[in-house]
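Asker: My questions concern the predicted model and sequence given below.
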Amino acid sequence: MKKLAILFLFLILVGCSSVHTNKVSYIEAERAKWKEAAYSGDSEAQFRFANSFCCGQSAYFSLEEATTWWCRAARQKHKGAQAALKKHQATCSDQQSAIS
C-alpha cells in the first residue's frame with residue numbers, strides 16, 4: 001500500500017511538471033510571435049510584447065524594455081499602451097513621445 005501511495009504521488013508530480021513545461025513552451029511561442037510582429041510595427045504586438053517584460057510575468061522582467069515597447073505602441077495611439085505608461089508612471093523619450 002505504501003508503494004502504491006508513493007507511485008501515485010510520483011505520477012501526480014510528473015504530471016504537474018509536464019503542465020508547467022507546456023505552459024512555458026506556449027508562452028515562449030507567443031513571445032516569439034509578438035516579437036516578430038512588434039518589430040514589424042504592429043501596435044497590438046508591441047503592447048503584448050511590452051507586457052511580457054512587465055510585472056514579473058516572466059523571466060524577462062525589465063520595466064525599461066517594457067516602457068520602450070509601450071512607447072512604440074502608444075505612438076500609434078494604442079490605448080492599452082497609453083494606459084500602461086500612465087499606470088507605471090513611465091515616460092517616453094522625445095524620440096518616442098507617445099502621449100500629447
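Answerer: Sure, I can see it. Numbers count the residues shown, from 1 in each chain.
Asker: Output the below-cut-off pLDDT ranges for this structure.
Answerer: 1-24, 56-58, 94-100 (pLDDT under 70).
Asker: who touches the helix or strand harbouring residue 71?
Answerer: Secondary structure from DSSP states H and E places residue 71 in helix 63-75. Contacting residues not belonging to helix 63-75 are listed as 38, 43-44, 46-47, 49-51, 53-54, 80-82, 84-85, 88, 90-93, 96-99 [Cβ atoms under 8 Å, 6 or more residues apart in numbering]. All C-beta spots, glycine's among them, are computed from the backbone N, C-alpha and C.
Asker: now stretch 28-41
Answerer: Taking Cβ under 8 Å, 6+ apart as the rule, stretch 28-41 contacts 44, 45, 46, 48, 49, 52, 58, 60, 69, 72, 76.
Asker: Surely the first one and residue 78 touch.
Answerer: Yes: at 7.0 Å, residue 44 counts as touching residue 78 under the criterion of Cβ atoms under 8 Å.
Asker: what about these two, which has more around it?
Answerer: residue 78 (20 against 15; other Cβ atoms under 10 Å).
Asker: how much space between the more buried one and residue 27?
Answerer: Relative to residue 27, residue 78 is positioned 21 Å away (Cβ to Cβ, to the nearest Å).
Asker: Just the C-alphas of stretch 30-48, formatted as CSV.
Answerer: Output of stretch 30-48 as CSV, limited to C-alpha atoms (Å, rounded to 0.1, in the frame of the first residue of the first chain):
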residue,chain,number,x,y,z
GLU,A,30,3.6,33.6,-28.1
ARG,A,31,6.5,35.9,-27.2
ALA,A,32,8.3,34.9,-30.4
LYS,A,33,5.2,35.8,-32.4
TRP,A,34,4.7,39.1,-30.6
LYS,A,35,8.4,39.9,-31.0
GLU,A,36,8.3,39.4,-34.8
ALA,A,37,5.1,41.4,-35.3
ALA,A,38,6.3,44.1,-32.8
TYR,A,39,9.4,44.7,-34.9
SER,A,40,7.2,44.9,-37.9
GLY,A,41,5.3,47.8,-36.4
ASP,A,42,2.1,46.0,-35.2
SER,A,43,0.9,48.1,-32.2
GLU,A,44,-1.0,45.3,-30.6
ALA,A,45,2.0,43.1,-30.8
GLN,A,46,4.2,45.9,-29.4
PHE,A,47,1.8,46.2,-26.5
ARG,A,48,1.7,42.5,-25.8
